[in-house]
Every structure is written in structure tokens, then in C-alpha cells.
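Peer 1: Sequence first, predicted coordinates after that:
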Amino acid sequence: MRVERTFVMIKPDGVKRGLIGEIIRRIERTGLKVVALKMVWPTKEQAMKFYPSDEGWLRSVAEKSLSVYRQLGIDPARDFGTDDPVAIGRRIKEWLADFLASGPCVAMVVEGNRAIYVVRKIVGATRPFDAEPGTIRGDFSTDSPELANLLKRPLRNLVHASDSPETAEFEINFWFSKDEIYSYRRADEGIIYGL
């Protein structure tokens, strides 16, 4: 069994829509366990530090929008005033930070076999209109980059989930101290994992 930890945050749109219990239920019913949980209202400064600033990340964030723009034949300069991916990524990061700071969020650490991969499957594609039915984003949102950019806001995709072990470690340590993370055994672990 490959036990790992991942970070999950229910964003202000998920909290305000009353989806906290539904999102946690979907994670727990797979056999993963929540080992840390708290409600936080991030400051803009915390949110800016939480999201990466390196050029690679900024380009990848911009590419999620730019690929849709290319597909629809829309000039990104119409909404951004530029087609430079790094400049677009910076603008999107600013929107992300503003949104994260706009209301309470639920932060959690989830643990289990291949937790990072499993949680990302449960959550669904970053762009909700791409997310499969049965995923959190696929069932509760149809947002798209072109709509978000037109309205000068980030995607409303309900939840953030770490995408790699390195990211999970940073994000867990960013929001939780070691004494806020608990170790325990679920009653059904023997059945789920054959222990």
C-alpha cells in the first residue's frame, strides 16, 4: 500500500453553496481518511504566497485559458490586453488570490493509498466544463475559462487538490502545523486494504 498525504481546500464557492459535507463524503467513501481539518479565511497575502509565482506555473495556469481561446477562435488580448502567457498567468493568480480571500474555506489533509491521484480523480478536471459526471466539479459546476476571464475572475471550481507529492508537502505545511495532523486507524481499513 502506498500511503501518502495530500492537501484539499474547499474554496469559498464550495463553502457558500453548502457543499462541505458532500465533498468530504465523496473523499471518505473511497477509504481515504481526513487526518486534519479546519475552516480558514485566508488573507490576500496568504493566498498570494499559497499560489506559486514561478514562470512555469504561471504559464501552465495561462495555458488552461489559452487552449480554450484557441479552440474557440478568441483573441486573448480581448480579455487580457496581451497574449503573453506569463502576464496572463500573473493576472489569473491575482484573481485566484482575491477569490480565496473572499470568504471562508475548509482546509484538510487527506491520507491513504495513492491519496493525491485518487483525490484528483474525485475532484475532476480543473476546468469544470471538462470534468466528467460523477466528479465534484463535473456534478456541481459548468464554469469555463472564457466566462471566468470575461468576468475578470478565476474559475469557480469549488475545490483545490494538490497535484504532486512536492506540492502536497508544501501546501500541508503552509496551512497546518504538525500537531494539527492526527494519526489514527479507520474501523474499515482492514476490509478496504486487506490488512
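Peer 2: Now that the structure is in, tell me what you want to look at.
Peer 1: remind me, longest helix of the chain?
Peer 2: If you go by DSSP state H, the chain has its longest helix at helix 55-72.
Peer 1: Quick one: name whatever helix or strand follows that helix.
Peer 2: Scanning forward in sequence from helix 55-72, with DSSP states H and E defining helices and strands, the next element found is helix 77-80.
Peer 1: now for that following helix, which elements pack on it?
Peer 2: Counting contacts by 3 or more CB pairs under 8 Å, 6 or more residues apart in numbering; DSSP states H and E, the secondary-structure elements packed against helix 77-80 are helix 85-100, helix 145-150. Just so you know, the C-beta spots here come from the backbone N, C-alpha and C atoms, and that holds for glycine as well.
Peer 1: tell me the mean pLDDT for that helix?
Peer 2: Within the predicted structure, the mean pLDDT of helix 77-80 is 87.
Peer 1: Kindly report the same for stretch 172-189.
Peer 2: Mean per-residue pLDDT for stretch 172-189: 95.
Peer 1: in that stretch, what counts as buried?
Peer 2: By neighbour count with 16 or more other CB atoms under 10 Å, stretch 172-189 contains the buried residues 172, 175, 176.
Peer 1: Now residue 10. Nearest residue, chain neighbours left out?
Peer 2: residue 106 (4.1 Å; CB to CB, 6 or more residues apart in numbering).
Peer 1: Wasn't that neighbour part of a strand?
Peer 2: Yes - with DSSP: H, G, I helix; E, B strand; the rest coil as the criterion, residue 106 is part of a strand.
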